[in-house]
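In: Got a predicted model here, sequence first, then my questions.
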Amino acid sequence: MSNKHTVVMVHVPTGSEEAFFKVYEEFVNALRTKSEKPPRKLMEMYFSPPSDEDRYQLEQRGVESLKILLRIAQGEARHARYIARFLAGLYNGDLFSFNLNDLRWLDESLYAHVIAVLHMDCRLRKQDVPHYFDNGEVLWATMIARWGFKDMVTHRSPPRKG
């Protein structure tokens, strides 16, 4: 095993600490024995689809966080522009770029809401984020126009000649 290390911070659901440490121990032991296959529990944890209950909780947390973020993006708070950029980018990353460094400006609570929405959107892939709201397309278009994000169109290289 290499002498180089990376510090990793992990948020584990309350009550799952023991299971997490068992999986982590299995992972470390596999590294020590130079096992070619990743530990089965680790693979199941990250690559199996969430259970119905997990999906429900993921969506509940994500939608609640999405409501909070949209309310902030529509306001005048100091973080409003960053949140609006995130929501526009999540809606259409090809049209509206989002600089991940902007996450550094968020306080811990807002960061947690961003991660909850991103987690829901990535794992569930149920619908575009505006569709969690009545008139969501109008809400997003209004937010995008308000912040002037039409000028944030992602840069594209010109077509090659010949």
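Out: Structure received.

In: need the helices for this structure, in chain order.
Out: With DSSP state H as the criterion, the chain has helices at 17-32, 40-47, 52-73, 80-91, 108-124, 136-147.

In: quick one, which of those is nearest to Leu100?
Out: For the helices of the chain, the distance to Leu100 is smallest for helix 80-91, at 9.5 Å, taking Cβ to Cβ. Just so you know, the C-beta spots here come from the backbone N, C-alpha and C atoms, and that holds for glycine as well.

In: tilt between that closest one and helix 136-147?
Out: Helix 80-91 runs at 140 degrees relative to helix 136-147, counting by axes from the mean of the first three to the mean of the last three Cα atoms, to 10 degrees.

In: coming back round to it: could you dump the helices of the chain into TSV with mean neighbour count, distance to Asp102 and mean pLDDT added?
Out: Below are the helices of the chain laid out as TSV (neighbours: other Cβ atoms under 10 Å; distance: least, Cβ to Cβ, whole Å; pLDDT from 0 to 100):
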stretch	mean neighbour count	distance to Asp102	mean pLDDT
helix 17-32	13	30	74
helix 40-47	11	27	59
helix 52-73	17	13	94
helix 80-91	22	5	95
helix 108-124	17	10	92
helix 136-147	16	13	94
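
In: Save the ones you listed as JSON lines, and put in distance to Val10 too.
Out: Shown next, in JSON lines, are these (distance: least, Cβ to Cβ, whole Å):
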{"stretch": "helix 17-32", "distance to Val10": "7"}
{"stretch": "helix 40-47", "distance to Val10": "12"}
{"stretch": "helix 52-73", "distance to Val10": "17"}
{"stretch": "helix 80-91", "distance to Val10": "23"}
{"stretch": "helix 108-124", "distance to Val10": "13"}
{"stretch": "helix 136-147", "distance to Val10": "32"}
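
In: and of the ones you listed, who's closest to Phe98?
Out: With distances scored as Cβ to Cβ, the stretch of these nearest to Phe98 is helix 80-91 (3.1 Å).

In: tell me what the closest one is packed against?
Out: helix 52-73, helix 108-124, helix 136-147 (3 or more Cβ pairs under 8 Å, 6 or more residues apart in numbering; DSSP states H and E).
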